[in-house]
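1. give me coordinates for this.
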Amino acid sequence: MFFLTLCLGMARGASADDLTDFFRVVQVDNANAVKSLIDKGVDVNARDPRSGETALIIALREDSMNVFKVLVADPRVETELAAPNGNTALMMAAFKRNKPAALALLERGAAVNRKGWSPLHYAAAGGADDIARILIDRGAAINARAPGGLTPLMMAAREGQDSAVAVLLEAGADTSLKGDDGLSAAQLAERMDKPRIAKAINTRRKQGRRAP
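-> So this is what the prediction gives:
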């Protein structure tokens, strides 16, 4: 598998050393070196043999924005290639609260909805309110279920993200849903000692019950 990964990352004149250098310069945000190695034949969608992540995901994780701009502008880059843990570039941008990157990825056709963890889950957990609004406006499933039955509202509540909770409630997130552990978003907030969030969710739940 290791050999196959290396082969998939190389083409034309690129070597195994070139691939190693490629991921090194991605992490230190050396855009010119990245361009040179791509021109030499390194696949823009290559995976790091150590982590299995693409350069696009690594650039976002390491805040290598000059490299990210080079990669996202390349018409060959595949935005939906996920890391072994399921993370996509848009998920990473959401968790890092990187709105310009999220917008660039969406313009390239990055998927708003995915089975399991979704970009909205990551935006909610990371408190990326502006990205959450953008994702919702673009059709993100507000009550999407991640492993464990977790919804974006549950993630925001559990992580103590007050403003993200407010965004999700305003967008109509279902406050009555429970995860596989039987806990609702409000109960998760209470368990994590976030009484203000629990109160906001319970207030919205009661308002919903009174609605005609």
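
2. which strands and helices sit next to the lengthiest helix in the chain?
-> Taking DSSP state H as the criterion, the chain has its longest helix at helix 195-210. Other helices and strands packing on helix 195-210, by 3 or more Cβ pairs under 8 Å, 6 or more residues apart in numbering; DSSP states H and E, are helix 152-158, helix 162-170, helix 185-191. From N, CA and C alone the C-beta is placed, and that goes for glycine too.

3. so which elements touch the longest one?
-> What it means is helix 162-170. Helix 162-170 packs on helix 119-126, helix 129-137, helix 152-158, helix 195-210, going by 3+ Cβ pairs under 8 Å, 6+ apart.

4. can you lay out the ones you listed as CSV showing mean pLDDT, distance to residue 64 and mean neighbour count?
-> Compiled in CSV, the helices and strands packed on helix 162-170 are given as follows (pLDDT from 0 to 100; distance: least, Cβ to Cβ, whole Å; neighbours: other Cβ atoms under 10 Å):
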stretch, mean pLDDT, distance to residue 64, mean neighbour count
helix 119-126, 97, 18, 29
helix 129-137, 98, 19, 21
helix 152-158, 97, 26, 29
helix 195-210, 86, 34, 15
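
5. could I get these as TSV with distance to residue 105?
-> Output for these, formatted as TSV (distance: least, Cβ to Cβ, whole Å):
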stretch	distance to residue 105
helix 119-126	9
helix 129-137	11
helix 152-158	18
helix 195-210	29
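
6. what's the closest of these to residue 95?
-> helix 119-126 (4.3 Å; Cβ to Cβ).

7. could you list the domains of this structure?
-> Using automatic domain parsing, the domain parsing of the chain gives 1-76, 86-212.

8. least reliable of these going by mean pLDDT?
-> Among those, domain 1-76 carries the lowest mean pLDDT, a mean of 87.
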